[in-house]
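Below is the sequence, then the predicted model.
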Amino acid sequence: IKIENINKYFYRHKKNEIHVINNTSLELEETGLVALLGPSGCGKTTLLNVIGGLDKVNKGKIYINGQKITRRRSSKVDKIRNLNIGYIFQDYYLIDSMSVFDNIALALKINGIKNKEEIKKRVNFVLEKVGMYRYRNRYANMLSGGERQRVGIARAIVKDPSIIIADEPTGNLDSKNSLEIMNIIKAISKDRLVILVTHERDLAEFYASRILEIEDGKIVDDKKNEHTNDLDYKMDNKLYLKDFENHKEMKADDVSINFYSNNKEKLNINIVVQNGNIYIENKSKEKLELVDDDSSIEFVNDHYKKISKSIYEEYNFDFDKVINKSYKKKYSSIFNPISLIVNGFKKVRDYSFVKKLLLLGFFASGLFITYSISSLFGITDIKDKDFVTVNKNYLKIISQEVKVKDFLNYEKDENINYVIPGDSLVSFNIEYKDYYQTSRLVNTISGSLAGTSLLKEDDIIFGSFPQNKRELVLDKRTIDDYNENGIAKQIGLNSIEDIIGRNLKIDNMGEFKVVGIVDLNSPSIYVYESEFINIIANSDSNKNFYGMYDYEENIDSSNSDLLDYTLALKNIKLKKGSWPKNAYEVIVNYNYKDQYKLNKRIDVKVNGVKLKVVGYYTSKTEMNTYLVSNQTIKYNVIENATDLVIYSKDKSSTIEKYRDLVNIQDSYETSKKTYIDNNKERTVSSLVFCGIVLLISLIEIFLMIRSSFLSRIKEVGIYRAIGVKKKDIYKMFIGEIIAITTIASVTGVLLMSYIIYQLSFITYLSNIFMINQKVILISIIFIYIFNLIIGLLPVRGTIRKTPAQILSRSDI
């Protein structure tokens, strides 16, 4: 080891700055026991830590076996110190949750030795040497101080380092254990360098080959130790009988008692022997302690003698005979993807009851996060069904008054496929003649009227393409809306294709047969375009109708003012005159011939033109409808409409053409914008609420993981001190966080997903939440990622510090 002009400060550039290492330079040989002596606070432990790479210096250079460890990345320093230095700590720093064997084996695994037989051979050898073999399977937290320190020595030496750092290894031990530990350390120093910090000058002068005196951060004396004197070191557990001033021996027939004391103590005891037991009643004030083969106290029938160096010369640490030199030392991770997860689950399994209660918090966070994400998706995911009421391909011209002339001009436009007066919404009636009880029950199917020209054969998902004008196709969306009241399922229409073959009715027009279903996500009813006008003219009375209805009367019950005469041909006969084949022509009931003169105009107007009577009809029923041509019906429908719907294959060019002339809009985009604007306030408030819930959940997770981590800072410090790299510390906690998230948080995600799924069947709530595989997967991924990030934040904040700084924290 070579040290060049190193300086270290505590509280640098502050009022309470301490210059703990003051411009120190030093060279240490490859073997021997070097003792650092000095009063408390002189800097000897800090010097030991910087030499061992456990702490950093502010200035200067340190070389370990020719490799510089100052001003280098921590990962490089970790590698150098891990391969060259073993550590013995005053506070032992064993992993309490591991057995003695595993604590020692850990040092080998870090150095790339994974062969089980080699590990077993090395660990058992060093345990034999330190007298701890029989405790190899005992957990570290079950050992006494002396036993723990022996294990610490075994861990330091098992990887065969060239340097041993020992920080007051006897500081917490009694005299007996102190001597035994020092004998082991001395034996180790025969073939490697051991640097020892101690307060016990007698031990240092007896065992050390070199002594460094330190005061105020400086080496004030550096001397070689010749070991000329014996060690005057009385062991607390040995009582030398011949050194007591008073000795009395009392003998009787079967009794022999020896009494030793230094003063004239008075002894008053009663002894009873019965059934192999000795009962002692002590009537004196002195404490009574029994000494037998299991006692730590030992009676020595001799005078006390100083300890000679023969006491440690008999120790031999011939480790080279045991280790397999073919195993090259190199840093190796102690975790792989499988082991880190398995260890994580084991760690969670071993949690205390109180700590397991924290899992409820992670479970709750899974619930809240899933709720928030589902709500966010539900609010921000605007589905077409939320706002689309007409065919998505339509343009709309908004006008308070529609003129026939303008309508006809639109029809002539080559870019326009067809024009519909009004909003295109129509309603058909459907009967349920499956059962007698429902034979007069009528329901309504409503949708946006659309031409079959919008469809291709490939669009049909069930059924077939319409072959005549009395066949139609329904969009799946239209059927879904119709099924919302549940009546269809009650009579056996359980799937959408069950409606194929059913007849839909329009007043005065009779039946239309459902022959096909498409899924274009437009609430449309597709018919031949030639049927548009009559459907629009006769569907208004059926809108939103549901109940009992008698269809026997059919046309004759109609009280419409105007009707296409072609729809009434089965129920009437031309009595006089001609059929109203031209625009503005009308035929009336023969009963009104005196009121309506033939070839005369009447007061009823269409498009501002009075209708001309061209004939009379007779009816089987009392029918008083004005019968006109389809063209006249068309003009009448146009005249009564306020808006127009246009289907153009080129929306953009049509909008551009008429933008400056009329108020033309894309129905889809306009409806979407209106929906968003109307729901903006609700969306903002919902987003704020979800954000707050999400933030609370994230803070909760952070606090819980931080609380869990704080209880393990000491463990982290130990791992870092014995050479485990930062990345492995991350892995250790990654495994635990994954286990916690899987056990608690994911369970919460799945439970909340199930609850939301059930709630989604409620129509009102279906627009508030979204739950599907994507949302569940995002929730799970989010909670894993967030738990990992938040869980590793306190880890990162801690392992950025040096191992010495971590272990010096007062809260561990």
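The structure has been received and is ready for your questions. Numbers count the residues shown, from 1 in each chain.

Need the nearest residue in space to residue 298, chain neighbours excluded.
Distances taken as Cβ to Cβ, 6 or more residues apart in numbering put residue 238 closest to residue 298, at 5.1 Å, once the chain neighbours are dropped. Using the backbone N, CA and C atoms, a C-beta is placed for each residue, glycine as well.

burial count for that neighbour?
14 (other Cβ atoms under 10 Å).

try residue 211
Counted with other Cβ under 10 Å, residues neighbouring residue 211 total 19.

In terms of helices and strands, where is it?
In this assignment (DSSP states H and E), residue 211 forms part of strand 210-215.

Output the contacting helices and strands for that strand.
Secondary-structure packing of strand 210-215 (3 or more Cβ pairs under 8 Å, 6 or more residues apart in numbering; DSSP states H and E): strand 32-37, strand 218-224.

how far off strand 32-37 does whichever helix or strand comes after the first one point, in degrees?
Note on strand 32-37: by DSSP H and E, the next helix or strand toward the C-terminus is helix 44-51. Counting by axes from the mean of the first three to the mean of the last three Cα atoms, to 10 degrees, helix 44-51 lies at 140 degrees to strand 32-37.

what's in contact with helix 44-51?
1, 3, 6, 8, 20-21, 24, 36-38, 55-57, 62, 165, 167-168, 195, 197, 214, 802, 804 (Cβ atoms under 8 Å, 6 or more residues apart in numbering).

Tabulate the helices and strands packed on strand 210-215 in CSV, adding columns for mean neighbour count and distance to residue 688.
Shown next, in CSV, are those (neighbours: other Cβ atoms under 10 Å; distance: least, Cβ to Cβ, whole Å):
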stretch, mean neighbour count, distance to residue 688
strand 32-37, 23, 62
strand 218-224, 13, 63
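
what about the residue of the chain most remote from its centre, helix or strand, and which?
Within the chain, the residue lying farthest from the chain centre (Cα atoms, centre = their mean) is residue 594, at 86.6 Å. Element membership for residue 594 (DSSP H and E) is empty, with no helix or strand holding it.

and if you look at the one 10 residues further on?
Residue 604 belongs to strand 601-606 when assigned by DSSP H and E.

now what about that strand, what contacts it?
With Cβ under 8 Å, 6+ apart as the test, strand 601-606 has contacts from 561-562, 584, 586, 596, 610-613, 626, 628, 632, 635-636, 639.

Now, those residues that are in helices?
In helices, judged by DSSP state H, the following of the contacts of strand 601-606 are found: 632, 635, 636, 639.

quick check, nearest of those to residue 380?
residue 639 (43.6 Å; Cβ to Cβ).

neighbours around residue 595, how many?
Residue 595 has 10 nearby residues by other Cβ under 10 Å.

I meant to write residue 7 there.
Other residues within reach of residue 7, judged by other Cβ under 10 Å, total 15.

Go ahead and confirm it touches residue 61.
No: if you go by Cβ atoms under 8 Å, residue 7 and residue 61 don't touch, sitting 11.1 Å apart.

Domains in the chain, by residue range?
Domain ranges of the chain: 2-224, 238-305, 337-383+680-807, 423-551, 557-640, per automatic domain parsing.

nearest to residue 391, of these?
The nearest among the domains of the chain, by Cβ to Cβ, is domain 423-551 at 4.6 Å.

Identify each of the helices in the stretch 301-450 of the chain and give its residue range.
310-313, 337-349, 353-380, 384-387, 404-412 (DSSP state H, counting those that start in this stretch).

in stretch 601-620, what's buried?
Residues 602, 604, 606, 611, 612, 613, 614, 615, 616, 617, 619 are the ones in stretch 601-620 that count as buried (16 or more other Cβ atoms under 10 Å).

so which pair among those is furthest apart in space?
Spatial extent of the buried residues of stretch 601-620 (Cβ to Cβ) is set by the pair 606 and 619 at 22.0 Å.

Quickly name whichever of the buried residues of stretch 601-620 is closest to residue 406.
Distance to residue 406 across those (Cβ to Cβ) is lowest for residue 606, with 16.1 Å.

Give the rounded mean pLDDT of the lengthiest helix in the chain.
Determined from DSSP H, the single longest helix within the chain is helix 680-710. Across helix 680-710, the average pLDDT comes to 77.

The helix or strand following that helix vs helix 44-51, what angle?
Towards the C-terminus, the helix or strand next in line after helix 680-710, according to DSSP H and E, is helix 713-721. Put simply, helix 713-721 runs at 50 degrees to helix 44-51, going by the same axes, to 10 degrees.

State the mean pLDDT of helix 713-721.
88.

What of stretch 21-30?
The pLDDT scores in stretch 21-30 average 93.

Now that stretch: buried residues?
21, 22, 24, 26, 28.

The fourth one falls within a strand, correct?
What that stands for is residue 26. Yes: assessed by DSSP: H, G, I helix; E, B strand; the rest coil, residue 26 belongs to a strand.

check contacts around it.
Contacts for residue 26 (Cβ under 8 Å, 6+ apart) come out as 1, 2, 3, 212, 219, 222.

Which single one of these is nearest to residue 432?
Lowest distance from residue 432 to those (Cβ to Cβ) belongs to residue 1, with 97.3 Å.

Leaving out the residues flanking it, which one is nearest to the closest one?
Using Cβ to Cβ, 6+ apart and skipping residues adjacent in sequence, the residue nearest residue 1 is residue 28, 4.3 Å away.

my guess is that neighbour contacts residue 36, does it?
No: between residue 28 and residue 36 there is no contact under Cβ under 8 Å: 10.9 Å.

list the residues that contact both of the two?
Joint contacts of residue 28 and residue 36 (Cβ under 8 Å, 6+ apart) are residue 195.

Tabulate the helices and strands packed on strand 210-215 in CSV, adding columns for distance to residue 176.
Putting these into CSV (distance: least, Cβ to Cβ, whole Å) gives the following:
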stretch, distance to residue 176
strand 32-37, 20
strand 218-224, 29
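
between those, which gets nearest to residue 693?
Closest to residue 693 of these is strand 32-37 (Cβ to Cβ; 57.7 Å).

Neighbouring strands of the closest one in the sheet, and parallel or not?
With DSSP bridges as the test, strand 32-37 is paired with strand 193-197 (parallel), strand 210-215 (parallel).

what's the most buried one of those?
When the strands paired with strand 32-37 are scored by mean count of other Cβ atoms under 10 Å, the highest mean neighbour count falls to strand 193-197 (a mean of 26).

could you give me the average pLDDT of it?
In this model, strand 193-197 has a mean pLDDT of 94.

change the start of the numbering to 554 and stick with it
Sounds good: first residue 554 from here, last item strand 746-750.

Tell me which residues are up against that strand.
By Cβ under 8 Å, 6+ apart, the surrounding residues in contact with strand 746-750 are 554, 581-589, 597-598, 601, 604-605, 715-722, 738, 741, 757, 760-761.
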